[in-house]
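In: no sequence on hand, only this structure:
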């Protein structure tokens, strides 16, 4: 990855790694690069999640944008996928989201979308990095009335909610739905949309205070929702992450369905309707082997990419596919939005649940998940990409692969968003793969920590 940009924008501890100075410089460089061919005063949207540091970074970012003459339109607290959608709807030159997604409150990040609502290419990110870090290009600063301005859009939430409601052609009357908003941006949208479609939402973790985003809740801490579902009696549980681009689901009994299960249920439905383009589902190397085997049985082809929804999207655009995503809950329905959208994913699975007349626990039997264990080896950001150069680590990986002899799968990769190396092992026995994953992670920590 780049020196500033990871797999999902720029991210770090707010006011320490992601400083106001860096936010200002990102705003200035991004506006310069993305709007150099604009023949008008460029319009750039800014959205944010509920972190306490968002206001600080928004001000710095807006100042950088204005310094090169951009017309900044702030959207307030809003999901990341809403920024991608509204960038297109409002015909803006770019959209920027201030969020660290599923990370805890001390982190924050900056994600940038181009005028078509897509995340930036590696080439554009590299150019922005070079301007900031290497002073590779000199930016002319306007004066007088050419300096940028900041205005607030008061209809952003309503416009996104109207879009979300329009993507399904049935109502949700009679459905009881538990919703975990992760004390994040979905608290502004998901309950409204579900209620408007006739469902009865039971909402938890929808009181953000600036520091409780993702705190023991949401898509990365789904046990709380699972327990709630067991006690309240609903048809389904929906868990979003802090910026609402991810979705995890529980059935009516509190059993968790990850992104893999949701994707295959949706892919199978779309295939039956003749709507799954090329009968293909795009997944990552982290997707469960059980999904791959069942997809083949159902006549659904799978194409694997490296981890990161940006790479899933690149493959979808390159080959013309319309459904893809990650086990973590980033799912892209390209017919509707240009990035992972938790609410769009939720509405698609809710439509299938409603029209099928089945319980979600029945739909979830579409395949049996092969035991999979993921252990994070904590290392510094500077060293996390060095695992594939370390002869000791590579030898341990090779030894484990020989030990599994084709009856298991090992994947080691540096996280694009956190200071860690993820060790994933699949096999038939959870106790064994957990032991092996912990062992390999301990070797990585000892070598790179």
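Out: Happy to help now that I have it. As the structure is a computational prediction, the values presented were derived from the model and not from experiment.
In: all strands of the stretch 1-150 of the chain, in order?
Out: Assigned by DSSP state E, counting those that start in this stretch, the strands in the stretch 1-150 of the chain fall at 5-6, 9-13, 43-48, 71-77, 94-98, 107-113, 149-152.
In: residue 280 is nearest to which of those?
Out: strand 107-113 (25.0 Å; C-beta to C-beta). No exception for glycine: its C-beta is placed from N, CA and C like everyone else's.
In: give me the buried positions along that closest one.
Out: Of all the residues in strand 107-113, those buried under the rule 16 or more other C-beta atoms under 10 Å are 107-113.
In: all helices for the stretch 51-200 of the chain, in order.
Out: Ranges of helices within the stretch 51-200 of the chain are 54-66, 80-89, 122-134, 156-165, 190-196, based on DSSP state H, counting those that start in this stretch.
In: can you lay out those helices as CSV showing distance to residue 447, mean neighbour count and mean pLDDT?
Out: As requested, the helices of the stretch 51-200 of the chain are exported to CSV (distance: least, C-beta to C-beta, whole Å; neighbours: other C-beta atoms under 10 Å; pLDDT from 0 to 100):
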stretch, distance to residue 447, mean neighbour count, mean pLDDT
helix 54-66, 35, 22, 98
helix 80-89, 35, 26, 98
helix 122-134, 28, 16, 93
helix 156-165, 46, 19, 98
helix 190-196, 43, 20, 98
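In: same list (the ones you listed) but as TSV, adding distance to residue 32.
Out: Shown next, in TSV, are the helices of the stretch 51-200 of the chain (distance: least, C-beta to C-beta, whole Å):
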stretch	distance to residue 32
helix 54-66	10
helix 80-89	18
helix 122-134	7
helix 156-165	25
helix 190-196	36
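In: show me what the strand or helix carrying residue 396 packs onto, helices and strands only.
Out: Assigned by DSSP states H and E, residue 396 belongs to helix 391-404. Counting contacts by 3 or more C-beta pairs under 8 Å, 6 or more residues apart in numbering; DSSP states H and E, helix 391-404 is packed against strand 409-414, helix 430-448.
In: now that helix: average pLDDT?
Out: In this model, helix 391-404 has an average pLDDT of 93.
In: ditto for stretch 415-425
Out: Per-residue pLDDT over stretch 415-425 has a mean of 89.
In: residue 421: what secondary structure?
Out: The three-state label given to residue 421 by DSSP: H, G, I helix; E, B strand; the rest coil is strand.
In: for the strands of the stretch 1-150 of the chain, which one sits closest to residue 323?
Out: strand 107-113 (20.3 Å).
In: worst-scoring helix or strand of the chain, pLDDT-wise?
Out: Least confident helix or strand of the chain, by mean pLDDT, DSSP states H and E, is strand 5-6 with a mean of 84.
In: for the stretch 201-350 of the chain, which segments count as helices?
Out: Listed in chain order, the helices of the stretch 201-350 of the chain (DSSP H, counting those that start in this stretch) span 223-232, 259-272, 289-297, 309-319, 342-356.
In: reformat those as a markdown table; add mean neighbour count, mean pLDDT and distance to residue 6.
Out: Output for the helices of the stretch 201-350 of the chain, formatted as a markdown table (neighbours: other C-beta atoms under 10 Å; pLDDT from 0 to 100; distance: least, C-beta to C-beta, whole Å):
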| stretch | mean neighbour count | mean pLDDT | distance to residue 6 |
| --- | --- | --- | --- |
| helix 223-232 | 17 | 95 | 27 |
| helix 259-272 | 23 | 97 | 20 |
| helix 289-297 | 17 | 91 | 26 |
| helix 309-319 | 19 | 95 | 10 |
| helix 342-356 | 23 | 98 | 20 |
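In: and the strands of the stretch 1-150 of the chain, which is most packed in?
Out: strand 94-98 (a mean of 28; mean count of other C-beta atoms under 10 Å).
In: for the record, mean pLDDT for that strand?
Out: 97.
In: partners of it in the sheet?
Out: Strand pairing for strand 94-98, determined by DSSP bridges: strand 43-48 (parallel), strand 107-113 (antiparallel).
In: among these, which is nearest residue 293?
Out: Nearest of the strands paired with strand 94-98 (C-beta to C-beta): strand 107-113, 34.1 Å.
In: how far away is the residue nearest to residue 167 when sequence neighbours are not counted from residue 327?
Out: Nearest non-adjacent residue to residue 167, counting by C-beta to C-beta, 6 or more residues apart in numbering: residue 336, 5.1 Å away. For residue 336, the distance to residue 327 equals 21 Å [C-beta to C-beta, to the nearest Å].
In: looking at these two now, which is surrounded by more residues?
Out: residue 327 (24 against 20; other C-beta atoms under 10 Å).
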